[in-house]
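# predicted model and sequence follow; I will ask about them next.
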Amino acid sequence: MRFQEHNYWRTTVDFPGTDACCPLPEVVDVAVIGSGFTGLSAARTLAKRGAKVAVLEGETIGWGASSRNGGMVLTGMKLGISKLISRYGRERTKQMYAASLASIDCLEQIVKEEQIGCDFSRCGHLEVACKQKHFDDYERQAEIIEVEFNHKLRVVQRSQLPIEIGSSIYYGGMVDEVSAGCNPARFVAGLARSTMQAGAEIFEHARVHSIQRDSRQGEMGWKLATAQGLVWAHEIFVATSGYTGAVTPTLQKKIIPIGSFIITTEILPKALAKELSPRNRMIYDSKNYLYYYRLTPDGRMLFGGRAAFFPENDQTIRRSAEILRRGMIRVYPQLRDARIEYGWGGTLDFAFDIMPHAGEMDGMYYAVGYAGHGVAMATYQGQKIAEMMAGDQPENPFVGIPFPGAPFGLYNGMPWFLPLAGAWYKVLDWVS
Ligand SMILES: Cc1cc2nc3c(=O)[nH]c(=O)nc-3n(C[C@H](O)[C@H](O)[C@H](O)COP(=O)(O)OP(=O)(O)OC[C@H]3O[C@@H](n4cnc5c(N)ncnc54)[C@H](O)[C@@H]3O)c2cc1C
């Protein structure tokens, strides 16, 4: 199979230029590490509050997961509702669910306020059941979510499924009309532009190599050594997600970087695109080793999954593209002859408890752990933690929950157990 090993979304947008000659400032109020949704959203909020902010990006703007994802702006969290209630209790789970809805409003509000042309649309999402028992559970989940959170999901019987999807392999589905879709590269580029307009400076190719506690003119802060030189900051916001490295070792040990991969077809005939996804939903299935897919605004099928658990490189992208194409044809035999034009990968950030976490660690602020639900939540957490840094006390149910590391401390930041985790997920999909 021949295709371009390249992120299709990035072909649809020009990223704003940063002034490569502009030297790093000597002192800033806040150094934000990472220029994805989390970092930019935080920097934008802080700059609007009058803070002097430098965003330090090791690569280029939006280089990480933020420009590479499926663009699904989803309600809820990765973990199911019953699991959340049993772990955190009803009240905290209610707040978490409400935050997931508020995160979509937050993203929509930024898109409107900053006039970001990123094809944002409240098209809804469809979850499809790979087994009868998964479908049987949908009724129960929809009921809990309606009773507990006053949020309506619609269960779709197998006989009604053709209204939603042109595939006959599923046992039924569940629709949430509140979810949305967007072009993530356009969104992150627009977010960067608005962050700069708010007064923050973004420095590309400015990887942070070390961070040290330091005092300056009697004030405590941080000295950051970057590929572009030194900068002294009163506060640090770590927004490095699945790319978190040894520069923040405590955080690195709590985050498992997991590869996720995507292929896109050529632009499909309009009638075929309509047949595959009549309501243009964001779609994902009920497996642990799941597939997620959608039409792009120009009418390609974008099909993603955790085909290899390891982060992206030439080999994992190639191997994953083959696996994903086979998966796509199983779902949609109509795409047997469709040409695959692009394939790429990116790295997700999973915490050991599969939850988002945010707050303060080792004296630095952070927000991580979106587990594939980060488009809206990363944007929201960036804003909320920035508000907290500015002295507000915003409600944030993800601050202060236990943030577990690996059992028995068996993890030093090198995810040696990923093949085992991948195999374990496959086993779970056979038996559950
Ligand atoms: C293939 C794929 C599909 C996905 N699909 C979806 C989806 O459909 N819906 C959804 O909600 N979520 C999805 N996600 C998850 C979502 O994209 C992420 O949760 C979100 O983008 C995280 O944003 P972020 O800003 O926290 O991190 P990132 O966008 O990953 O940014 C982190 C940045 O930190 C930089 N960095 C790291 N270390 C340093 C350092 N030392 N110095 C300077 N810079 C550094 C990196 O270069 C990187 O640019 C997907 C992810 C992937 C990979």
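On my side now, so go ahead. Numbers count the residues shown, from 1 in each chain.

# and the gap between residue 132 and residue 286?
Plainly put, residue 132 is 11 Å away from residue 286 if you go by CB to CB, to the nearest Å. Every C-beta, even on glycine, is put in place using the N, C-alpha and C of the backbone.

# between these two, who's got more neighbours?
Taking neighbours as other CB atoms under 10 Å, residue 132 and residue 286 compare with residue 286 leading, 22 against 11.

# grab the nearest non-local neighbour of that one.
In space, and not counting its chain neighbours, residue 286 is closest to residue 134: 4.0 Å by CB to CB, 6 or more residues apart in numbering.

# give the contact list for the residue of the stretch 151-300 of the chain found nearest the ligand.
Per CB to the nearest ligand atom, residue 241 is where the stretch 151-300 of the chain lies closest to the ligand, at 3.1 Å. When contacts are counted by CB atoms under 8 Å, 6 or more residues apart in numbering, residue 241 touches 34, 36, 38, 64-65, 255, 347, 349, 368, 370, 374, 378.

# which of these has the most neighbours?
The residue in the contacts of residue 241 with the most neighbours, by other CB under 10 Å, is residue 38 (35 neighbours).

# find the nearest non-adjacent residue to that residue, please.
The shortest distance from residue 38 to any non-neighbouring residue, by CB to CB, 6+ apart, is to residue 239 (3.8 Å).

# how about that neighbour, phi and psi?
phi -130, psi 50 (degrees, to the nearest 10).

# tell me the secondary structure for the closest residue to residue 324 other than its chain neighbours?
If the residues on either side of it in the chain are set aside, residue 324 comes closest to residue 263, at 4.9 Å by CB to CB, 6+ apart. Secondary structure for residue 263, judged by DSSP: H, G, I helix; E, B strand; the rest coil, is strand.

# correct me, but residue 263 touches residue 339?
No. Counting by CB atoms under 8 Å, residue 263 stays clear of residue 339, with 10.6 Å between them.

# compare these two (neighbour count), which wins?
Neighbour count, other CB under 10 Å: between residue 263 and residue 339, residue 263 has more, with 29 against 11.

# what sits against the more buried one?
Counting by CB under 8 Å, 6+ apart, residue 263 makes contact with 3, 302-304, 321, 324-325, 328, 340, 342-343.

# so residue 223 sits in a strand?
Yes. According to three-state DSSP, residue 223 belongs to a strand.

# need the contact list for it.
By CB under 8 Å, 6+ apart, the contact list for residue 223 reads 211-214, 230-232.

# redo the residues you listed as a markdown table? Include pLDDT, secondary structure and distance to the ligand.
Output for the contacts of residue 223, formatted as a markdown table (pLDDT from 0 to 100; DSSP: H, G, I helix; E, B strand; the rest coil; distance: CB to the nearest ligand atom, whole Å):
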| residue | pLDDT | secondary structure | distance to the ligand |
| --- | --- | --- | --- |
| 211 | 98 | strand | 9 |
| 212 | 98 | strand | 14 |
| 213 | 97 | strand | 17 |
| 214 | 97 | strand | 18 |
| 230 | 98 | strand | 14 |
| 231 | 98 | strand | 12 |
| 232 | 98 | strand | 16 |
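
# could you dump these to CSV with distance to residue 393 and neighbour count?
Converted to CSV, those look like this (distance: CB to CB, whole Å; neighbours: other CB atoms under 10 Å):
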residue, distance to residue 393, neighbour count
211, 27, 21
212, 30, 9
213, 26, 10
214, 28, 14
230, 33, 12
231, 29, 22
232, 28, 19
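
# beta partners of the residue nearest to residue 23 when sequence neighbours are not counted?
Counting by CB to CB, 6+ apart, residue 23 lies nearest to residue 229, which is 7.0 Å off, once chain neighbours are set aside. Listed beta-bridge partners, residue 229: residue 226 (assigned using DSSP bridges).

# quick check: residues of the stretch 51-200 of the chain near the ligand?
56-59, 63-66, 68-72, 74 (CB under 6 Å from any ligand atom).

# if we go to 8 Å?
The stretch 51-200 of the chain has residues 56-60, 62-74, 184, 188 near the ligand, with proximity defined as CB under 8 Å from any ligand atom.

# now the buried members of those residues.
The neighbour-count test (16 or more other CB atoms under 10 Å) marks 56-58, 60, 62-74, 184, 188 as buried among these.

# those in strands, which ones?
Judged by DSSP state E, those include 56, 72-73 as members of strands.

# mind putting the contacts of residue 241 into CSV with secondary structure and pLDDT?
CSV is the format used below for the contacts of residue 241 (DSSP: H, G, I helix; E, B strand; the rest coil; pLDDT from 0 to 100):
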residue, secondary structure, pLDDT
34, coil, 98
36, coil, 98
38, helix, 98
64, coil, 98
65, helix, 98
255, strand, 93
347, strand, 94
349, strand, 92
368, strand, 98
370, coil, 97
374, helix, 97
378, helix, 98
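
# ok, residue 97 - contacts?
Contacts of residue 97 by CB under 8 Å, 6+ apart are 76-77, 81, 84, 145, 148-149, 151.

# of the residues you listed, which belong to helices?
Of the contacts of residue 97, the ones assigned to helices by DSSP state H are 81, 84, 145, 148-149.

# quick one: which of the residues you listed is nearest residue 165?
Residue 165 has its nearest neighbour among those in residue 145, at 21.3 Å by CB to CB.

# count of neighbours near the closest one?
19.

# what does residue 89 show for phi and psi?
phi 80, psi 170.

# OK, contacts around whichever residue of the stretch 251-400 of the chain sits closest to the ligand?
Going by CB to the nearest ligand atom, the ligand is nearest to residue 374 of the stretch 251-400 of the chain, at 1.8 Å. Counting by CB under 8 Å, 6+ apart, residue 374 touches 37-38, 65-66, 69, 241, 348-349.
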